[in-house]
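In: Fold the following, please.
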Amino acid sequence: MYIISKKLVLAALIFVGLFSQQAFTQQSYKISGKPEMKVSGTSTLHDWDMVSSDVQGNASMRISAGKVTSIGSARFTMPVASLKSGKNQMDNNAYKALNEGDHPNITFTLLEANQDGGNDWKASGRLQIAGETRTVPFLLSLSPDGSEVKVRGSAKIKLTDFGVDPPTAVFGTIKTGDDMSITIEMNLNPVN
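Out: Model (predicted):
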């Protein structure tokens with residue numbers, strides 16, 4: 001009798017250990033659908049937006065009880081030339097200012113993320129623009145919807161922090177402001 005109960009206890013411990021390991025393992029995700037990254041700023045003429053839907057990336061997260069409970073990693077890449085304003089001259093000025101020929105991508109690599117209540121997170125990561133890398137704070141909202149996670153986020157940066165002179169046009173009479181905001185909207189699906 002003692003031998004049987006000892007085997008049952010051992011089997012139960014192994015089962016609980018395997019279940020616990022699965023419960024705390026992070027799942028890999030990748031961007032799906034049509035993501036949107038928008039860069040917004042000002043100029044002496046008007047406010048402007050440049051939008052890209054060509055963002056690639058992945059993340060690892062843990063979801064429990066319908067909420068993201070931890071983010072282990074995230075890395076996203078966007079080609080500079082995918083940013084479009086709807087105005088060719090403005091796009092070309094932006095690509096030149098961002099040194100797109102030598103640094104064709106903007107990248108973000110997560111350093112840390114802390115839950116800030118509900119679906120809200122405060123994150124920071126290494127943002128690389130025009131070959132310069134800076135640590136940038138992001139405010140995020142992560143909302144699981146079935147197996148998908150909807151991500152929305154925003155950050156504020158200065159072009160000069162990345163060694164970028166704000167672009168000008170019409171012989172310097174139109175000047176872009178130094179302050180910019182970045183907003184992202186994307187869906188992440190599990191990698192099987």
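
In: just the helices in this protein please.
Out: Using DSSP state H, the helices of the chain run over 2-24, 88-97.

In: Let me see the mean pLDDT of the first one.
Out: Spelled out, that is helix 2-24. Helix 2-24 carries an average pLDDT of 47.

In: Then stretch 90-106?
Out: Stretch 90-106 comes out at a mean pLDDT of 94.

In: At the geometric centre of the protein, which residue do we find?
Out: Nearest to the geometric centre of the chain sits Phe76, at 5.8 Å (CA atoms, centre = their mean).

In: State the distance from it to Thr176.
Out: As judged by CB to CB, to the nearest Å, Phe76 and Thr176 stand 24 Å apart. The C-beta positions use only the backbone N, C-alpha and C, and glycine is treated the same way.

In: Would you confirm that Ser154 contacts Ser141?
Out: No: taking CB atoms under 8 Å as the definition, Ser154 is not a contact partner of Ser141, at 9.4 Å.

In: isn't Lys96 right up against Pro167?
Out: Yes: at 7.3 Å, Lys96 and Pro167 qualify as touching, with contact defined as CB under 8 Å.

In: More neighbours: these two, which one.
Out: Using other CB atoms under 10 Å, the more surrounded residue of Lys96 and Pro167 is Pro167, with 19 against 11.

In: OK, contacts around the more buried one?
Out: Neighbouring residues of Pro167 by CB atoms under 8 Å, 6 or more residues apart in numbering: 90, 93-94, 96-97, 176.

In: Distance to Lys122 for those - can I get that in CSV?
Out: Shown next, in CSV, are these (distance: CB to CB, whole Å):
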residue, distance to Lys122
Met90, 32
Asn93, 33
Ala94, 29
Lys96, 34
Ala97, 29
Thr176, 28
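
In: Among those, find me the one that's closest to Phe108.
Out: Proximity of the contacts of Pro167 to Phe108 (CB to CB) peaks at Ala94, which lies at 18.2 Å.

In: Measure how buried Lys87 is and give me the count.
Out: Count around Lys87 with other CB under 10 Å applied: 13.

In: quick one, phi psi at it?
Out: Main-chain torsions, Lys87, degrees, to the nearest 10: phi -130, psi 110.

In: now it: how far from Leu45?
Out: Taking CB to CB, one finds Lys87 at 11 Å from Leu45.
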